[in-house]
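# Provided below are the primary sequence and the corresponding predicted coordinates.
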Amino acid sequence: MTTTDASGRPSTARDECFGSLADAGRRAVVRIVHERSPSGVTIAALASRLASVTDDSQPAVVTEDEKQRARSACHHRHLPALSDAGLIEVDGETVRTTDHWAYRDPGIQAVLEERTTVSSDELDAVFEAIADPQRRRALSTLKHQYQPTTVDALAAEIVASETTEESRLPAATERVRTSLVHADLPLLADAGLVAYERASGHVSSDGHPLLRATWLGDTDSTECDSERSPKATSASRG
């Protein structure tokens, strides 16, 4: 069964979006393509610009080997992942951005325009951490807590918020608890999103400045989620 968030969007849409953005190279590709859309950019021009961004040099001094490596990365890593996430479309040798909701999200806009003080490695960690529905539910639950809670209580609240048939099984809470202890909470803590004391079993939100409620899917932001026509979106870029 596919779950949806407050905007009615399948949770997998956020999984794919955030997962694709958990890489500095792919974020650079999106930024470059978005700057040249809706007309788009050729893959050759994209590779040249990406190579210069990666090496922090001017496009004119980028070597052919550097361009070739960037082109290979685009073909084999960046473009397939971003296309699968719905952030770009590839038409022959031309790449352009789509009318994806992410481009209307102020937080993601700030990341793509490099208007944050968060390091590239930290951005990788944050986007990787939230590219999972259970971890997003954990963060959503914790942000409403005014004091640390226990892993057991957090697991019970997550299960109570689920609507799948599996969540009604007696073993569901233990399954979620095990995942929290061994995978989710350590990853969220490493990303700076939660404070987790494994010895005591207590966890709390760490109030990360980058994290937005709309990313967690438990609120519907008309600013970033309202549907716009391609014409309106193109006009907002120009």
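Sure, I can see it.
# alpha carbons only for contacts and neighbour counts from here, please
OK.
# how far is the helix or strand in which Gln134 is found from where the chain is centred?
Gln134 is part of helix 133-142 when elements are defined by DSSP states H and E. Centroid separation for helix 133-142 versus its chain: 14 Å, with Cα atoms, centre = their mean, to the nearest Å.
# for stretch 195-205, same thing?
Stretch 195-205 has its C-alpha centroid displaced from the chain centroid by 24 Å (Cα atoms, centre = their mean).
# and it, what's buried?
Neighbour-count burial for stretch 195-205 flags 195-197, 202-205 (criterion: 16 or more other Cα atoms under 10 Å).
# pretty sure Pro133 sits against Asp15.
Yes. Using Cα atoms under 8 Å, Pro133 makes contact with Asp15 at a distance of 7.1 Å.
# from memory His100 sits against Glu89, does it?
No. Using Cα under 8 Å, His100 makes no contact with Glu89, being 10.7 Å away.
# so Gln147: helix, strand or coil?
Under the three-state scheme (DSSP: H, G, I helix; E, B strand; the rest coil), Gln147 adopts coil.
# in strands, which of the buried residues of stretch 195-205 appear?
Per DSSP state E, strands hold the following members of the buried residues of stretch 195-205: 195-197, 202-205.
# wait, which of the residues you listed is closest to Leu139?
For those, the residue nearest Leu139 by Cα to Cα is Ser205; the value is 6.9 Å.
# now do the contacts for that closest one.
By Cα atoms under 8 Å, 6 or more residues apart in numbering, the residues touching Ser205 are 139, 142-143, 145, 148, 193-195.
# what bridges to it?
Counting by DSSP bridges, Ser205 forms beta bridges with Val194.
# and it, how far from Pro148?
8 Å (Cα to Cα, to the nearest Å).
# and if you look at Glu66?
Per Cα to Cα, Glu66 is found 49 Å from Pro148.
# pretty sure Asp84 contacts Glu16?
Yes. With contact defined as Cα under 8 Å, Asp84 reaches Glu16; the gap is 7.4 Å.
# quick one: which of these two has more around it?
Taking other Cα atoms under 10 Å, Asp84 and Glu16 do not tie; Glu16 has more neighbours (19 against 14).
# burial of the closest residue to Asp190 other than its chain neighbours, as a residue count?
Distance criterion Cα to Cα, 6 or more residues apart in numbering; nearest residue to Asp190, sequence neighbours excluded, is Ala125 at 7.6 Å. Around Ala125 there are 20 other residues, counting by other Cα under 10 Å.
# got it, and the one 10 residues further on?
By the measure other Cα under 10 Å, the count of residues near Arg135 is 21.
# just give the closest residue to it, not the sequence neighbours.
Leaving aside its sequence neighbours, Arg135 sits nearest to Asp184 (Cα to Cα, 6+ apart; 6.0 Å).
# hang on, isn't that neighbour packed against Arg136?
No. Contact between Asp184 and Arg136 fails when scored by Cα under 8 Å: they sit 9.8 Å apart.
# how about the residue nearest to Arg135, phi and psi?
Reported as degrees, to the nearest 10, the phi and psi values for Asp184 are phi -70, psi -50.
# against Arg26, how distant is it?
Counting by Cα to Cα, the gap from Asp184 to Arg26 is 24 Å.
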